[in-house]
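A.B. asks: Next one to model:
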Amino acid sequence: MVKSRKLIAISLVAILAIAIGATALISLQGESAGTYWKECPAVKNNNIFYLQGQGENIFNRQSVRTVDAIQMMAQILHPDLYDTKVPHDPIGGTPNIIGDDYAEYLPPRSEHKIYEIGEVLESKDASGKTIKLEKSPERIVSCTPGLTEMIYALGLGDRLVAVTDYCDYPEEILDRVGANDIKKIGGFWDPNYEMIIDASPDLVLVDYGTNEHKQLADKLSDAGVPVVQMFEQEDLASVYDNLELLGKITGTSDTANEIIGTTKDTIAQIKDAVSEKEVPTVLYVTYVEERFTNAYVSGGGTAVDELIRLAGGNNIFGDESSWFAPSSELLIDNVKNIDYMIITSMYSPTAAEELNNFLRSEPVMNNDPSAMNDSTLCLQAQIENMFNYQSIMAVDAIQNIAKTTHSALSDTSMLDTSSEAAININDNRHVGDSYLGTRCVKESS
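C.D. replies: Here you go, the predicted structure:
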């Protein structure tokens, strides 16, 4: 399957073309709907969560916010463990949406320090090429959203001069693009060579796992432009590898090591908290059409599969390979064991409200616990990004899943509509951009 373990949201364009064109069609309507959903725990308990906007991006991008995705996932799956709760409508009148304000449902993070720029170190990039810049770069071009987030986390955001169309976090980037302070160089799959050259960079960062980026790297190198091929963004290990490499080539190793250390500590705390809890099963749907047709889900070996496991959950299709469109037979065999359903919206044409109404209004759904108890959460904007982008904020995604599924361990949950933290936007529960992620404090060395 095509490049599906990195930048999930972006790669879906190519993958979905294959999936939708294939013969696998999942139709949850009429008699089939009754067969599929009547005994589905996720529908019975309304444990269906919709990721949107940045709430989806934290899951799509393998970068510093992957830790937020892990935190969020933990709070969803184990709400009793955490004081903060994800939005949840127990009556089920509105879909549970996690969007741009997802950070409001994450616990406060320990501050990580941003140290002064130090010595630029020699290192090997993902292609095996030895990299040694003469000095810390001052004009950086980033060709992936995840790498853009890392640059900001290392305290080098002011040195970015060009990014892709998908780079939208932190929000400052959008303001700088609007002010023409940062240039756009095209999409993830097709960054424009001429636009990159026009930005006069002294460092270009590309993804070694993407053929188009490899070809671009060769062309830039021939033109004498310093380019580093970063490790394929597919899991937490790649996040650590890329942070370490970026730290060395930019003179920010102290900050990079600080971020890596705090991220690992937070994830260890989450794993310890959920270690003795029951392990709920999760269906992660990255694409679905009207009336729950043409679903496309996460199998094993994906970044999301890793996040679910770290958050104390079990991917219902973890034994399958990568992202795929499950057959009707496979879904029927597993639907009764789905405790939580997480649905992302970046490429899905069906609105959360429409899908939620379908699941709850169909007569055959009346006995479905997840639909009756409104345990469906809609993730939007940055909270969605937290789950989709492998970053250090993945820990927050894990935390939030744990908090949601183990509410006894926490006073607040994304499913708790009585919480003052649960903000009602357009009559829907959202978790979005204002998540309490790792804060940075600059410290002189």
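
A.B. asks: Can you give me the neighbour number for Ala351?
C.D. replies: For Ala351, the number of neighbouring residues by other Cβ atoms under 10 Å comes to 16. (Each C-beta comes from the backbone N, C-alpha and C, glycine too.)

A.B. asks: ugh, wrong one, Leu220
C.D. replies: Other residues within reach of Leu220, judged by other Cβ under 10 Å, total 19.

A.B. asks: isn't there a strand covering it?
C.D. replies: No - under DSSP: H, G, I helix; E, B strand; the rest coil, Leu220 sits outside any strand and is assigned helix.

A.B. asks: Correct me if wrong: it contacts Asn192.
C.D. replies: No - no contact is recorded between Leu220 and Asn192 when judged using Cβ atoms under 8 Å, the distance being 11.8 Å.

A.B. asks: Helix or strand with the lowest mean pLDDT in this protein?
C.D. replies: In the chain, the helix or strand scored least confidently by mean pLDDT, DSSP states H and E is strand 424-425, which has a mean of 31.

A.B. asks: May I have the secondary structure class of Val120?
C.D. replies: coil.

A.B. asks: contacting residues for it?
C.D. replies: The contact partners of Val120, taken as Cβ atoms under 8 Å, 6 or more residues apart in numbering, are 132-136, 248-251.

A.B. asks: So which residue is smack in the middle of the chain?
C.D. replies: Here the mean C-alpha position of the chain is nearest to the C-alpha of Phe59 (Cα atoms, centre = their mean), at a distance of 1.1 Å.

A.B. asks: how about the strands in the stretch 51-200 of the chain?
C.D. replies: 61-63, 96-98, 100-101, 112-115, 123-124, 130-131, 140-142, 160-163, 183-184 (DSSP state E, counting those that start in this stretch).

A.B. asks: Now render these as JSON lines, adding mean neighbour count and distance to Asn211.
C.D. replies: Below are these laid out as JSON lines (neighbours: other Cβ atoms under 10 Å; distance: least, Cβ to Cβ, whole Å):
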{"stretch": "strand 61-63", "mean neighbour count": "36", "distance to Asn211": "18"}
{"stretch": "strand 96-98", "mean neighbour count": "38", "distance to Asn211": "33"}
{"stretch": "strand 100-101", "mean neighbour count": "26", "distance to Asn211": "32"}
{"stretch": "strand 112-115", "mean neighbour count": "19", "distance to Asn211": "34"}
{"stretch": "strand 123-124", "mean neighbour count": "14", "distance to Asn211": "20"}
{"stretch": "strand 130-131", "mean neighbour count": "14", "distance to Asn211": "21"}
{"stretch": "strand 140-142", "mean neighbour count": "28", "distance to Asn211": "18"}
{"stretch": "strand 160-163", "mean neighbour count": "25", "distance to Asn211": "21"}
{"stretch": "strand 183-184", "mean neighbour count": "16", "distance to Asn211": "22"}
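
A.B. asks: State the distance from Val279 to Tyr208.
C.D. replies: The spacing between Val279 and Tyr208, counted by Cβ to Cβ, to the nearest Å, is 34 Å.

A.B. asks: Which one's more surrounded, these two?
C.D. replies: Neighbour count, other Cβ under 10 Å: between Val279 and Tyr208, Tyr208 has more, with 19 against 16.

A.B. asks: now that one: how far from Gln229?
C.D. replies: Using Cβ to Cβ, one obtains 4 Å as the distance from Tyr208 to Gln229.

A.B. asks: again with Glu111
C.D. replies: Spatial separation of Glu111 from Gln229 under the definition Cβ to Cβ is 32 Å.

A.B. asks: Likewise for Gln62?
C.D. replies: Per Cβ to Cβ, Gln62 is found 15 Å from Gln229.

A.B. asks: And Tyr105, by the same measure?
C.D. replies: Computed with Cβ to Cβ, the distance linking Tyr105 and Gln229 is 36 Å.

A.B. asks: Equivalent analysis for Asp272, please.
C.D. replies: The separation that Asp272 has from Gln229, given Cβ to Cβ, amounts to 36 Å.

A.B. asks: All good on my end, thank you.
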